[in-house]
Structures are given as structure tokens and as C-alpha cells.
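K.L.:
please work out how this folds:
(2 chains)
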Protein chains: 2
Amino acid sequence: MEERYGFGEKEYMACCGSTRFAKLMLAASPFPDFQHALDSAKDIWFNKVDVNGWLEAFSAHPQIGEVPSSKHHNDSFAQWSKGEQSTAFATATDSTLQELAQWNVQYRQKFGFVFLIFASGRSSPEILTELKRRYSNRPIVELENAAQEQMKITELRLSKLFSTKQKPGLISTQ
Amino acid sequence: MEERYGFGEKEYMACCGSTRFAKLMLAASPFPDFQHALDSAKDIWFNKVDVNGWLEAFSAHPQIGEVPSSKHHNDSFAQWSKGEQSTAFATATDSTLQELAQWNVQYRQKFGFVFLIFASGRSSPEILTELKRRYSNRPIVELENAAQEQMKITELRLSKLFSTKQKPGLISTQ
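P.N.:
Sure thing, here's the model as predicted:
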């Protein structure tokens, strides 16, 4: 008997908020293991999701330095987002948070989407430095950077999905 | 006395259908000559217009192989688009046009925007070959290709704008 892992569209949306991504992951499910799911996720995200899907996924994120608001209906998404920013929150002073908020506004005005960064384990001053550095990029470069950061976030969340479901949520095939 | 050339927002929109592009070109006007206008246009298009502005500009174009429809309110835009496709129209057979239409649909499904190509002087079979080749690209690569093609179209149209206004529409400064 071979064990295979499958998740619902809502769970894939919690990993990456693009509808096309979630639908294609569902179509590719179930997976024999995490590595296969990750390979599929990368292929789908970089080769099959178009720029509108990328923008849709970016818009699911709260502004960095902010707790996900009630507009983020997906509970897992909000929970994970908060967890990933825990180091940032722990290291933030009022002035860093204020500066972060200001730069976020400028960033969004220039690029048309939220500043995205794989925040796990990163302090607020680190994130601020990175925001300022990336702000000088061309829009197309920054779009690609954001997509790369999104993929890192997706990978971490997908691994969490697998670790929680490792025992009870198995789908068995013969 | 130094001669300078300035145009209205609608005229810049006819060169490139991004609102931000047109507004920033207007803000940078008037220009001492075509070369300065072109340099500004390139800087604005590649460094100051975000991905939403790129998509807005792409959506102003008719599908290649089609005459601009009445939804394109900008008369200059429609006229120029038709002229730029004159070689394509002259070399098109019914079967090429049909194949072009089919591939256009596929292209739009994959990338989320219309297939954009600098069509001046290009035959229908040439355009079809290029469409098929570019279809295999990653979405981000194709987004950049489309932006490059848009800039070529913008350059040609801007040069037309300058050549028509060279004599009567001068703005004089001391």
C-alpha cells in the first residue's frame, strides 16, 4: 500500500492566495510526499500562474509589520502570517514600525502591490533595510523578487501542512 | 529662441495606453526634440510605470490580426494600430487568420493579456511563428517581452506625433 497526501483548495489557498495555484495544486493532488508537492507548487507558481494570479496572491498578504486584518478570511493564512512575523514583532520599536509603515506606503505606490518578504526569523530593522534596498529596483525586477519571496513562504506553509497531516489525514491508495 | 514640443495627455495615451505613462509624459513636457521625448518615454515606461500600468497599456491593443474595435475610443490609437498591421493584413489568408485567432486565445489564457508584437512590416505567417515560439515562455519572461514590444510601438507612434507636429504645433519659449 502506498500512502499519498492530498489537501483541499482552501488549504492550498492558505499556502498561496492565488486561485489558479490552488486549483492546479488540487488537480495535481494527491502527492506521494512533501518533495513532490513542492516540485509541483514551484512548477505551477512559476510556469502556470500568470501575472494576474501573482498579484492576487500578493494581495492576500497583510502589510509587513501589521497583524492580518479581518479581511483575510482564511484563518490558517492569518495564523501563519502572524507566526512568520513573530521575530519582526518581537524586535520592533514604535519608531521602526512607523518607518516600516511609511516605506510600505511608498513601496505600494511605486510597484502597485504590497512589499513581500519571507519574514521568518527576521528582525524589524533587517526587514526595513531590505525594503529600502529593494525600493530602488525596476518594477519588473521587484515583481520577480516578490514572486520568489512568495514561493519561500509557500514552501514553509506547505511543509507545515504536511507535518500536521502526516498522521491522521492520510489518503490511502492500493 | 528655443523651440520645444509638447503634446496632450490624449496624444500620449495614443502612443501608449497607460494612464500613468501619459500623465508622467505630460509632466515631463515640453521636449526640445524627439530624442529627449523618447528618452523620457523609456525611463517612464521601464522605471516608473508599475505592472498594473503595463497591463492597462496592453489591454488598449486589439488582438493581432483584428481591426481595432469601437471599444478603442482613441481614434489615433485605432488608426495607427491598423496602419502598423497593414503588412500582416495584406499577407493574411483565411487559414492564417483563423490559426492566429486560435493561438491568440491560447496565449491570453496562459498569460492573462493580449499577444503584443511590433507588427510594422511583418507578414502574418511571421507573426504566427513568433506567437507560437513565445507561447512556450514563462509568464514573467513574456511580460517583459510584451513590455519591450510595447516600447517599440510607442517609439514609432511618438515619432509620428513629432513628424506631424513638427511645423504647426510648436510651443515657443525664449
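
K.L.:
A:Ala90: how many residues sit nearby?
P.N.:
9 (other C-beta atoms under 10 Å in any protein chain shown). In short, each C-beta sits where N, CA and C put it, glycine included.

K.L.:
that one and A:Thr129, how far apart?
P.N.:
17 Å (C-beta to C-beta, to the nearest Å).

K.L.:
now A:Lys160
P.N.:
Distance, A:Lys160 to A:Thr129, using C-beta to C-beta: 27 Å.

K.L.:
and if you look at A:Glu99?
P.N.:
11 Å.

K.L.:
next: A:Asn47.
P.N.:
32 Å.

K.L.:
which strands and helices lie in contact with the lengthiest helix in chain A?
P.N.:
Across chain A, the longest stretch assigned as helix under DSSP state H is helix A:139-165. Judged by 3 or more C-beta pairs under 8 Å, 6 or more residues apart in numbering or on different chains; DSSP states H and E, helix A:139-165 is in contact with helix A:9-15, helix A:34-43, helix A:51-59, helix A:75-84, helix A:94-111, helix B:51-59, helix B:139-165.

K.L.:
mean pLDDT lowest for which of those helices?
P.N.:
Lowest mean pLDDT within those: helix A:75-84, a mean of 84.

K.L.:
next one: that helix to chain centre, how far?
P.N.:
10 Å (C-alpha atoms, centre = their mean, to the nearest Å).

K.L.:
so which elements touch it?
P.N.:
Going by 3+ C-beta pairs under 8 Å, 6+ apart, helix A:75-84 lies up against helix A:9-15, helix A:139-165.

K.L.:
any idea which of these is most buried?
P.N.:
Looking across the helices and strands packed on helix A:75-84 with neighbours counted as mean count of other C-beta atoms under 10 Å in any protein chain shown, the highest average goes to helix A:9-15: a mean of 22.

K.L.:
which outside residues touch it?
P.N.:
Helix A:9-15 has contacts (C-beta atoms under 8 Å, 6 or more residues apart in numbering or on different chains) with A:19, A:21-23, A:25-26, A:41, A:60, A:74, A:76-77, A:80, A:153-154, A:157-158, A:161.

K.L.:
residue contacts, the residue most central in space within chain A?
P.N.:
Nearest to the geometric centre of chain A sits A:Ile153, at 3.9 Å (C-alpha atoms, centre = their mean). Neighbour list for A:Ile153: A:Cys15, A:Cys16, A:Glu84, A:Leu116, A:Phe118 [criterion: C-beta under 8 Å, 6+ apart].

K.L.:
nearest to chain B, of the residues you listed?
P.N.:
Nearest to chain B among the contacts of A:Ile153, counting by C-beta to the nearest C-beta, is A:Leu116 at 13.3 Å.

K.L.:
next one: that closest one, what pLDDT does it get?
P.N.:
In this model, A:Leu116 is scored at 96, pLDDT.

K.L.:
so it touches A:Gln150, yeah?
P.N.:
Yes: using C-beta atoms under 8 Å, A:Leu116 is in contact with A:Gln150, at 5.9 Å.

K.L.:
any common contacting residues for the two?
P.N.:
In terms of C-beta under 8 Å, 6+ apart, A:Leu116 and A:Gln150 are both contacted by the residues A:Phe58.

K.L.:
which bits of chain A sit near chain B?
P.N.:
A:46-47, A:49-55, A:110-113, A:138-140, A:143-144, A:147 (C-beta under 8 Å from any C-beta of the partner chain).

K.L.:
look up how far A:Val49 lies from A:Arg20.
P.N.:
Counting by C-beta to C-beta - A:Arg20 and A:Val49 are separated by 5 Å.

K.L.:
look at A:Gly17 and give its secondary structure.
P.N.:
coil (DSSP: H, G, I helix; E, B strand; the rest coil).

K.L.:
does it touch A:Ala78 like I think?
P.N.:
No: using C-beta under 8 Å, A:Gly17 is not in contact with A:Ala78; the gap is 11.2 Å.

K.L.:
follow-up on the earlier one: from the contacts of A:Ile153, which is closest to A:Pro30?
P.N.:
A:Cys15 (15.3 Å; C-beta to C-beta).

K.L.:
backbone dihedrals for A:Gly17, please?
P.N.:
Reported as degrees, to the nearest 10, the phi and psi values for A:Gly17 are phi -80, psi 40.

K.L.:
list the contacts of the nearest residue in space to it that is not next to it in sequence.
P.N.:
Spatially, and ignoring its direct neighbours in sequence, A:Gly17 is nearest to A:Ala60 (2.8 Å; C-beta to C-beta, 6 or more residues apart in numbering or on different chains). A:Ala60 makes contact with A:Met13, A:Gly17, A:His72, A:Asn74, A:Phe77, according to C-beta under 8 Å, 6+ apart.

K.L.:
swap in A:Phe113?
P.N.:
A:Leu55, A:Phe58, A:Ser59, A:Leu143, A:Ala146, B:Asp50, B:Val51.

K.L.:
now it, what's its secondary structure?
P.N.:
Assignment for A:Phe113 (three-state DSSP): coil.

K.L.:
what does A:Pro62 give?
P.N.:
When classified by three-state DSSP, A:Pro62 comes out as coil.

K.L.:
now do it, the pLDDT please.
P.N.:
For A:Pro62, pLDDT reads 86.

K.L.:
count the residues that sit near it.
P.N.:
Other residues close to A:Pro62 by other C-beta under 10 Å number 17.

K.L.:
what does the one 4 residues further on give?
P.N.:
A:Glu66 has 17 neighbouring residues, counting by other C-beta under 10 Å.

K.L.:
many thanks, have a good one.
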